[in-house]
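Enquirer: Below: sequence and its predicted model.
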Amino acid sequence: MSRARALREKNVVVKLVKDLNKRMADFENAVDELKILKDSITEMHDQVTAQEQENTNALIRLRTELKENKTKVLNDAAASVGKTIISNDELAELREQVNKLKAVNKSARDEVDTVVEEKVEALIQHRLQLQALEHKATVAALQSAVENYKKEVSNLNKSFERMSEELKSQKDLTAQMALANRPVVTSQSPSS
């Protein structure tokens, strides 16, 4: 029966160790997922930045083309009729709209960046706290199991010492009985 119990206890320890290994693997997977999430966010940020740069370059190119076309048309029209095609107020209004769009775009990008960073940080902190709590629970369970095993080992050692003392007492008793049952040999002197 004690061998079966030892095997059960071994299985409990093996199960606890396997469970701890699984939890550590889960923790590592969660960290890897967070790294992937961070890389995805960085990649998305890089794509947004690249798109903004592309848009800025396109806007500059379009402005240049517009200016060249306007200049050509204005020059042609001005030469033919002697008038200006676009007013200075309209030009100022267009410039103001471009500046507003840039400000809105920058503001929106800043807000998105802030929200994403906050959410990622909160998610990372939450997962780290969760993993820490799971780790503490696992460690506490293992410590409890170890304490129980220590108590059982101590009890077994006490039982072993008690049994050793009983065995020694029985050996002593058997030896005493053997001596008591041994015939006493007396020396007799030969009579003459």
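Expert: Structure's in. What do you need? Numbers count the residues shown, from 1 in each chain.

Enquirer: for this protein, longest helix please?
Expert: helix 88-181 (DSSP state H).

Enquirer: elements contacting that one?
Expert: helix 2-81 (3 or more C-beta pairs under 8 Å, 6 or more residues apart in numbering; DSSP states H and E). For every residue, glycine as well, the C-beta is placed using N, CA and C.

Enquirer: For burial, what's the neighbour tally of residue 43?
Expert: Residue 43 is flanked by 10 other residues according to other C-beta atoms under 10 Å.

Enquirer: which ones are touching it?
Expert: Counting by C-beta atoms under 8 Å, 6 or more residues apart in numbering, residue 43 makes contact with nothing.

Enquirer: quick check: angle from the longest helix of the chain to helix 2-81?
Expert: Helix 88-181 and helix 2-81 are oriented at 170 degrees to each other (axes from the mean of the first three to the mean of the last three C-alpha atoms, to 10 degrees).

Enquirer: who touches stretch 28-40?
Expert: By C-beta under 8 Å, 6+ apart, stretch 28-40 touches 120, 123-124, 127, 131.

Enquirer: at 6 Å what do you get?
Expert: Under the contact criterion C-beta atoms under 6 Å, 6 or more residues apart in numbering, stretch 28-40 has outside partners 124, 127.

Enquirer: So that it lines up with my notes, have the first residue be 786 from now on.
Expert: Yes, from this point I'll number from 786; that puts the last item at stretch 813-825.

Enquirer: pLDDT averaged over it, what's the number?
Expert: Taken as a whole, stretch 813-825 has a mean pLDDT of 90.

Enquirer: Off-centre distance for that stretch?
Expert: Remark: stretch 813-825 is offset 9 Å from the chain centroid, using C-alpha atoms, centre = their mean, to the nearest Å.
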